[in-house]
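In: Okay, predicted coordinates and the sequence, questions at the end:
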Amino acid sequence: MISMELSCLPSSCFPVPGRRRGCHVVGSVRCAGIAEPSGVPAPMGQKTQYRDGFFEKAFMSLFARKMEKFSAGGGEGGKTSSGRGFWGWDYDGFVDVSRGVMVGRSRKQQQEVVREVLLSMLPPGAPAQFRKLFPPTRWAAEFNAALTVPFFHWLVGPSEVVEVEVNGVKQRSGVHIKKCRYLENSGCVGMCVNMCKIPTQDFFTNEFGLPLTMNPNFEDMSCDMVYGQVPPPFEEDPVSNQPCYSEYCSVANPSAKICPKLVT
C-alpha cells in the first residue's frame, strides 16, 4: 500500500547476514521482525506476532496521522482527533484508521484518499524525479523489487525477490510476500484491494511511470508483486470477484457473492 518508505528509511536497515530469519538488529536499533518462535508467519487463521522497532513505529505514526484526517470521526479542518501523540500509534491503530477511511466512501473514493496521502508524503517534483531515475526498464524493475523487501517489511511482513516473466522476459523483478501483515490484521478483502493493491499499482504505474501489478492470494494471504508488468483493468482483475473473508472480517457479508466494498 504505502510506498514512500523507499526513499526514507536508512540503508542500514537492510537484513544483516547471520541473524535469525525474519528479524535483525542494526546497532542498538531493532528493525521490524517476526516475534514468532519459528521466525516465520503464523499459519492461516492465526495472527502473526511482530516486534516493531523505532523506524517501523515512525512510519506507522506518519501514515496513521495522515490517514486519520480522512478517517470517520477525523478532526475538522484536517486535524487529527484521536488524541494520540506521535509515538502513540501501533500497527493495530494504523489498520483501524485505514478501516475508518472506508466508512461512507465508494471504492474509487477510498483509492483517491490513499493517493492523496502518498502524494502528501513526497517533496514537490518527486514523481518527475523518480521517472528520471527509474525509467521503465528491466534494471529499474529489478532495483525496486530489491528495495521493496527491506523497506516494505514494516507494512506487509517478510518477503523475498523472485524471478518472474514480464513480456516474455525472465527477470528478478518479482516480490513474494509470504503472508501480508496488512491483510492478516485487517481481515478485509475490500481494504486489501481498495486501500493497498489498486492505489499502490496506480501510484507506481501512473505517478512514477514504473508499471506494477499486485496479485494477492486470498487462500493463504500471500501476495506477489511484479514490477514492470502493467496491471489489468479492475473489471478484468480476478480480485474484482472476490467474496468476503467471512471468518476474519468484522463487517463481512457472508451471503454476498462478491465483497460489497468491491462493488460500490
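Out: Yep, it's here.

In: hey, let's count contacts and neighbours off CA atoms from now on
Out: Noted.

In: Report pLDDT for Lys108.
Out: Note on Lys108: pLDDT of 94.

In: try Arg19
Out: 37.

In: For Asp66, give me its contacts.
Out: For residue 66 the amino acid is Lys, not Asp. With contact set as CA atoms under 8 Å, 6 or more residues apart in numbering, Lys66 has these partners: Val117.

In: Which stretches in the stretch 101-250 of the chain count as strands?
Out: 159-166, 169-177, 212-217, 222-227 (DSSP state E, counting those that start in this stretch).

In: Tell me which of those sits nearest to Glu184.
Out: The closest of these to Glu184 is strand 222-227. By CA to CA, the value is 9.4 Å.

In: Relative to the closest one, what are the paired strands and their orientations?
Out: Strand 222-227 has the following strand partners under DSSP bridges: strand 169-177 (antiparallel), strand 212-217 (antiparallel).

In: Run the chain-centre distance for it.
Out: Using CA atoms, centre = their mean, to the nearest Å, the distance from the centre of strand 222-227 to the centre of the chain it belongs to is 11 Å.

In: for stretch 34-41, same thing?
Out: Distance of stretch 34-41 from its chain centroid, counting by CA atoms, centre = their mean, is 20 Å.

In: And stretch 144-158, by the same measure?
Out: Here the centre of stretch 144-158 is set off from its chain's centre by 9 Å, with CA atoms, centre = their mean.

In: now swap in stretch 149-163 and tell me
Out: When distances are taken as CA atoms, centre = their mean, stretch 149-163 is centred 10 Å away from the chain's centroid.

In: I'd like to know how many residues surround Glu165.
Out: Neighbourhood size, Glu165 [other CA atoms under 10 Å]: 14.

In: Spit out the contact partners of the residue nearest to Phe94 when sequence neighbours are not counted.
Out: Take Phe94 and drop its neighbours on the chain: the residue closest to it by CA to CA, 6 or more residues apart in numbering is Ala64, 5.0 Å away. Residues in contact with Ala64 (CA under 8 Å, 6+ apart) are Trp89, Gly93, Phe94, Val97, Ser98.

In: From the residues you listed, keep the buried residues only.
Out: Among the contacts of Ala64, those classed as buried by neighbour count (16 or more other CA atoms under 10 Å) are Trp89, Phe94, Val97, Ser98.
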